[in-house]
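Enquirer: Sequence and predicted model, in that order:
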Amino acid sequence: MCLIELVNITKVYRGKNVETKVFEGISFEIHVGDYIGLYGRSGSGKSTLLHILGLLDRPSSGTVKFKGTDIGQIKAHQFSQIRNEHIGFVFQDFRLIDELTIFENVEIPLILSKQKCSKAVREQKVMAVLSKLDIQDKRNSYPQELSGGQKQRVAIARALVNEPSLILADEPTGNLDEQAARNTMQILSELNKEGTTIIIVTHDPEVKKYTDKVIDMREIVAQM
């Protein structure tokens, strides 16, 4: 089943006196259950492509379909609803809120969701993902009290709590030591085996080994 379809998309950034083309004419499909690596050096456009896949940005031209819906035909406010209900994000810098506990950080997507649930249900869902990632004992801790690897587990828990069909991970091992990076990739691999579609941006050749398919940004750019 096709989850995302890109058809001839181009991304151009336009400044006052300059125009920068990031990529042009990209077409491919992402199917349910895929584990894809977007691989390339810094500045190759892989994060820009990930943002388009995650509906954080629109292409300059071309078509993006999410579950068959042409996102170019939907209104801006619908983007956030689709992201919140169907897509989980994991970032290199974790993006946790220091003033909130680990429980509260993971709970945020549930509070923002249009699929409102009771406080009791939210607690059940949060504790389920914290337990899944073996950090349930950190529920009352704050981000600054955790190691880098623990913070990334929290970030993954937050991405999972709404049971998304797609997880997008942007350099998720970039700020981790070797062991924590390996643990993070093992967690993502297990999630994929359970059926979650995962797209991971990386410049690390070691991370590529975990994915089933690699999209090399050098090959995309070379076609421009």
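Expert: Structure received.

Enquirer: where in this structure is pLDDT low?
Expert: 220-224 (pLDDT under 70).

Enquirer: what helix or strand does the residue positioned nearest the centre of the chain sit in?
Expert: In the chain, the residue lying closest to the centroid (CA atoms, centre = their mean) is residue 168, at 1.8 Å. Using DSSP states H and E, residue 168 sits within strand 166-170.

Enquirer: What's the first helix or strand after that strand?
Expert: Defined by DSSP H and E, the subsequent element after strand 166-170 is helix 178-193.

Enquirer: who's in contact with stretch 66-73?
Expert: Residues outside stretch 66-73 that contact it (CB atoms under 8 Å, 6 or more residues apart in numbering) are 2-4, 55, 58, 63-65, 79, 82, 86. (Each C-beta comes from the backbone N, C-alpha and C, glycine too.)

Enquirer: Please repeat the previous calculation with a cut-off of 7 Å.
Expert: Residues external to stretch 66-73 that are found in contact with it (CB atoms under 7 Å, 6 or more residues apart in numbering): 3-4, 55, 63-64, 82.

Enquirer: Strands along the chain, start to end?
Expert: Under the criterion DSSP state E, the chain contains strands at 2-14, 19-31, 35-39, 61-66, 69-70, 87-91, 166-170, 197-202, 213-216.

Enquirer: Save the ones you listed as JSON lines, and put in distance to residue 147 too.
Expert: Putting these into JSON lines (distance: least, CB to CB, whole Å) gives the following:
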{"stretch": "strand 2-14", "distance to residue 147": "33"}
{"stretch": "strand 19-31", "distance to residue 147": "32"}
{"stretch": "strand 35-39", "distance to residue 147": "25"}
{"stretch": "strand 61-66", "distance to residue 147": "35"}
{"stretch": "strand 69-70", "distance to residue 147": "40"}
{"stretch": "strand 87-91", "distance to residue 147": "16"}
{"stretch": "strand 166-170", "distance to residue 147": "19"}
{"stretch": "strand 197-202", "distance to residue 147": "21"}
{"stretch": "strand 213-216", "distance to residue 147": "29"}
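
Enquirer: Quick check: which of those strands is nearest to residue 141?
Expert: Of all the strands of the chain, strand 87-91 sits nearest to residue 141, with 19.3 Å by CB to CB.
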